[in-house]
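Undergrad: Got a predicted model here, sequence first, then my questions.
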Amino acid sequence: MVSALTTYIINPLLGILIGQINLSEMKFVVFGASFQIGDFVNALINFLIIMFVVFTIVKLMNKMRRDGSKSKFDESVEELDPQLEYLQQIRDLLRYQQLRDQEKDRRR
């Protein structure tokens with residue numbers, strides 16, 4: 001769609017301003033070397049259009065998020081209360097010791 005917009009709408013308008021209708025045939029010559037820059041101009045216009053659309057979408061999404069909502073990517077590890085963290089470590093240690101003791105009993 002961006003290519004069609006560039007090819008059928010923007011390029012003819014630029015062609016009118018430049019004086020050359022078909023930009024893909026635009027070239028310049030330096031010391032006998034011919035540089036075809038028309039396709040590059042088309043690619044540059046396509047890039048600028050896509051860049052503008054992506055920028056606008058990101059800007060709108062950031063504006064919508066200013067209401068205080070959180071993205072799932074914003075959920076960082078929340079700081080736990082140190083006491084709760086220690087209790088969880090003790091619980092995990094007790095589970096590990098219990099499993100280890102069960103393994104020893106099975107071997108006997």
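TA: Cool, the structure landed.
Undergrad: alpha carbons only for contacts and neighbour counts from here, please
TA: Fine.
Undergrad: shouldn't Ser3 be in contact with Asn46?
TA: Yes. At 6.4 Å, Ser3 and Asn46 qualify as touching, with contact defined as Cα atoms under 8 Å.
Undergrad: between those two, who's got more neighbours?
TA: Neighbours per residue (other Cα atoms under 10 Å) separate Ser3 from Asn46, with Asn46 holding more: 20 against 15.
Undergrad: Toward the C-terminus, what is the element adjacent to the one helix or strand the more buried one maps to?
TA: Asn46 belongs to helix 38-65 when assigned by DSSP states H and E. Sequence order places helix 82-107 as the next helix or strand after helix 38-65, per DSSP H and E.
Undergrad: average pLDDT for that next one?
TA: The average pLDDT within helix 82-107 is 89.
Undergrad: so what does it touch, helix or strand wise?
TA: Packed against helix 82-107 by the contact rule (3 or more Cα pairs under 8 Å, 6 or more residues apart in numbering; DSSP states H and E) you find no helix or strand.
Undergrad: From the chain's centre, how far out is it? Work that out for me.
TA: Once both centres are worked out by Cα atoms, centre = their mean, to the nearest Å, helix 82-107 turns out to sit 43 Å from its chain's centre.
Undergrad: which intervals of this structure have sub-threshold pLDDT?
TA: Where the chain drops to pLDDT under 70, the residues are 18-23, 67-80.
Undergrad: Can you give me the domain boundaries for it?
TA: 2-65, 79-108 (automatic domain parsing).
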